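**Student:** need a structure here:
(chains A and B)
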Amino acid sequence: MSAMQDMMAAVEPQIPGLRRYARALTHDVSSADDLVQDCLERVVSRWSQRRSDGDVKSWLFAILHNLAVSQFRQVKRRGAHVAIDDANEDAFARAPSQEDGMRHRELVARLDALPDDQRDVILLVTVEGLSYAEAARVLDIPVGTVMSRLSRGRERLLRSITADEPAHPVTYLRSVK
Amino acid sequence: MTARPISEDDLQAYVDDALPDDRRRYVSAYLAANPDVADRVRRLSEQRDQLREAYAPVLREPVPPELNLGRIVAARRQPRFASWRSVAAAVALLALGGGGGWIGRGLTQPTATGVTALALEASQSFTTYASDHGRPVELRAADSAELVAWMSKRLNAKVTAPDLTASGYRFMGGRIVPTAHGPAGMFMYDDDRGQRLVMLMRPMASSGDAPMSEHEIGRIGGVAWARAGMGYSLVGDAAPKDIHPLADVIRDQTPKI
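**Tutor:** Numbers count the residues shown, from 1 in each chain, chains lettered A, B, ... in the order given. Below you'll find the predicted structure:
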């Protein structure tokens, strides 16, 4: 196979996941797809410079993540701000039932309220199914940091969702890392 | 034999089904004996499933035509007018940023314009060479002795290639590039994600120092400064504030006098 065919075979199956991660970060269909398009253009132009020992999936997500971060930073610098309420209603397609749809929207909103670094780890590990090592490569942080952000983010999400329920002490184990 | 105590990491990995079989059995046994922890792990697992469900619909959508990889590959094979357009846009932006236009300022304020002009030249070099896959540099890092000798001769100064290894950037090589102010030395670096950086250096008209200034031309950010009559600009596809620490590393390696 040519290098181009190798690239197509490795990258194409990841596009739906890249779209999902971009959508989760932006909450907007068209800006998410713009990000993915930008990402794919870089992937095509940099394929030959990719380190052959690195895995494709974390390389792709790293490029996308970095693009998203730098774009948001530029938006912040210009002072623009999009409230979650203004974000595209259809950013996430309808769930099978009304009840599921509400629960899902609630969950998405709660996840989005977490600090970015905890939200990103939860998305990569839980939703995109990356291993801890892959997520660490995407975010360019040690695996131990992935673990602690994951643990803290999940706990916080759990508490924010069950906030109405009577608070009960959580049996929380210390990380040995 | 005593097994390692159960850690928070074990519980997270249990939720993610990322434990080796024997460890998983060990954690399962622990959870059976500790209903409080088991309850928390169960709720974390439910949360994980719900998150996956909430975001799953995107995966089922057909991929839109602009994300068709075959098209993106084909578009790249077209003549690359786009990069020329971006250089033109860069010139226009810089002219706007300078208020009265950078050429006009150059005639009256040689020092300020010196670094500003250098920033533009570095951005142009980046646009032209960093996107080049076949031959981004003329002499590769393996020939750095030859490269440095060549540059020292053309720039009439002792040149060394700055080392960014500690910051995660590998030296790729470099070349001499033309500028309106004479030949300049270009060094290129990349990190393990293929992100490239270009550093351009050339003697300045004035012999002094110029403080580090951040610049952004189109998508290309950078930091430019002068030290002991030599001008430097480090540019890349990143925000200037992210390039600044790398520029600091380079400045610390360049001669003060």
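**Student:** per-domain residue ranges of the chain.
**Tutor:** Since you didn't name a chain, this refers to chain A. A:1-92, A:94-164 (automatic domain parsing).
**Student:** nope, chain B
**Tutor:** Using automatic domain parsing, chain B is parsed into the domains B:8-60, B:80-253.
**Student:** so for residue A:11, which of these sits nearest?
**Tutor:** Ranking those by their distance to residue A:11 (criterion: CB to CB) puts domain B:80-253 first, at 13.8 Å. Backbone N, C-alpha and C define where each C-beta goes, glycine included.
**Student:** so how far is that closest one off the chain centroid?
**Tutor:** Centroid separation for domain B:80-253 versus its chain: 13 Å, with CA atoms, centre = their mean, to the nearest Å.
**Student:** point out the most buried one among the domains of chain B.
**Tutor:** The highest average neighbour count among these, using mean count of other CB atoms under 10 Å in any protein chain shown, belongs to domain B:80-253 at a mean of 18.
**Student:** hmm, that one in reach of chain A?
**Tutor:** Yes - for domain B:80-253 and chain A, the contact criterion (CB under 8 Å from any CB of the partner chain) is met by B:131, B:133, B:190, B:192-195, B:238-239.
**Student:** for that domain, the averaged confidence score.
**Tutor:** Averaged over domain B:80-253, pLDDT sits at 80.
**Student:** again with stretch A:64-79
**Tutor:** Averaging pLDDT residue by residue across stretch A:64-79 gives 72.
**Student:** what does stretch A:36-44 contact?
**Tutor:** The contact list for stretch A:36-44, computed with CB atoms under 8 Å, 6 or more residues apart in numbering or on different chains, reads A:7, A:11, A:15, A:18-19, A:22, A:60, A:63-64, A:67, B:66-67, B:69, B:72-73, B:76, B:194.
**Student:** longest helix of chain A, counting residues only.
**Tutor:** helix A:56-78 (DSSP state H).
**Student:** quick one, phi/psi of residue B:139?
**Tutor:** phi -120, psi 130 (degrees, to the nearest 10).
**Student:** and the least confident helix or strand in chain A by mean pLDDT, which residues are buried?
**Tutor:** Least confident helix or strand, chain A: helix A:56-78 with a mean of 81, by mean pLDDT, DSSP states H and E. Going by neighbour count (16 or more other CB atoms under 10 Å in any protein chain shown), the buried part of helix A:56-78 is A:56-71.
**Student:** packing partners of whichever helix or strand comes after that helix?
**Tutor:** Sequence-wise, the next helix or strand downstream of helix A:56-78 (DSSP states H and E) is helix A:98-112. For helix A:98-112, the elements it packs on are helix A:116-122, helix A:143-161, helix B:35-55, judged by 3 or more CB pairs under 8 Å, 6 or more residues apart in numbering or on different chains; DSSP states H and E.
**Student:** quick check: closest non-adjacent residue to residue A:62.
**Tutor:** Distances taken as CB to CB, 6 or more residues apart in numbering or on different chains place residue A:138 nearest to residue A:62, at 4.6 Å, with adjacent residues excluded.
**Student:** can you list the residues that contact the strand or helix carrying the one you found?
**Tutor:** According to DSSP H and E, residue A:138 maps onto helix A:132-139. Contacts to helix A:132-139, defined as CB under 8 Å, 6+ apart, come from residues A:54-55, A:57-59, A:61-62, A:65, A:117, A:120-121, A:124-125, A:130, A:142-143, A:145-147, A:150, B:13, B:16, B:18.
**Student:** residues contacting residue B:248?
**Tutor:** residue B:212.
**Student:** helices along chain B, start to end?
**Tutor:** Counting by DSSP H, the helices of chain B are B:8-15, B:21-33, B:35-55, B:57-60, B:69-77, B:81-97, B:102-108, B:110-125, B:144-155, B:240-253.
**Student:** is the fourth one positioned near chain A?
**Tutor:** In this case it means helix B:57-60. Yes - contact of helix B:57-60 with chain A (CB under 8 Å from any CB) involves B:57-60.
**Student:** a markdown table please, covering those and showing pLDDT.
**Tutor:** Listed next are those as a markdown table, based on pLDDT from 0 to 100:
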| residue | pLDDT |
| --- | --- |
| B:57 | 88 |
| B:58 | 89 |
| B:59 | 89 |
| B:60 | 88 |
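**Student:** where does chain A have low pLDDT?
**Tutor:** Residue ranges of chain A with pLDDT under 70: A:1, A:52-53, A:73-99, A:163-177.
**Student:** mind checking pLDDT for the residue lying farthest from the centre of chain B?
**Tutor:** Within chain B, residue B:33 marks the point farthest from the mean C-alpha position, 50.8 Å out by CA atoms, centre = their mean. In this model, residue B:33 is scored at 96, pLDDT.
**Student:** next one: it from residue B:22, what distance?
**Tutor:** 17 Å (CB to CB, to the nearest Å).
**Student:** now do residue B:186
**Tutor:** 55 Å.
**Student:** what does residue B:8 give?
**Tutor:** For residue B:8 relative to residue B:22 (CB to CB), the value is 19 Å.
**Student:** skipping its backbone neighbours, what lies nearest residue B:48 in space?
**Tutor:** residue A:126 (5.0 Å).
**Student:** for that neighbour, grab phi and psi.
**Tutor:** Dihedral angles (degrees, to the nearest 10) for residue A:126: phi -80, psi -50.
**Student:** ditto for residue A:29
**Tutor:** For residue A:29, the backbone dihedrals (degrees, to the nearest 10) come out as phi -60, psi -50.
**Student:** ok and the helix holding residue A:138 relative to helix B:8-15, angle-wise?
**Tutor:** Helix A:132-139 and helix B:8-15 are oriented at 100 degrees to each other (axes from the mean of the first three to the mean of the last three CA atoms, to 10 degrees).
**Student:** buried sites along helix A:132-139?
**Tutor:** In helix A:132-139, counting by 16+ other CB under 10 Å, buried: A:132, A:134-139.
**Student:** ok, of those residues, which one's closest to residue B:44?
**Tutor:** residue A:132 (15.2 Å).
**Student:** nearest to chain A within the stretch 101-250 of chain B, name that residue for me.
**Tutor:** residue B:194 (3.9 Å; CB to the nearest CB).
**Student:** state the distance from that residue to residue B:133.
**Tutor:** 10 Å.
**Student:** list residues touching both of those two?
**Tutor:** The contact lists of residue B:194 and residue B:133 share residue A:49, where a contact means CB under 8 Å, 6+ apart.
**Student:** for residue A:40, see how far away the nearest residue to residue B:211 once chain neighbours are set aside is.
**Tutor:** For residue B:211, ignoring the flanking residues on the chain, the nearest one in space by CB to CB, 6+ apart is residue B:225 at 6.3 Å. Here the criterion is CB to CB. By it, residue B:225 lies 36 Å from residue A:40.
**Student:** good, wrapping up.
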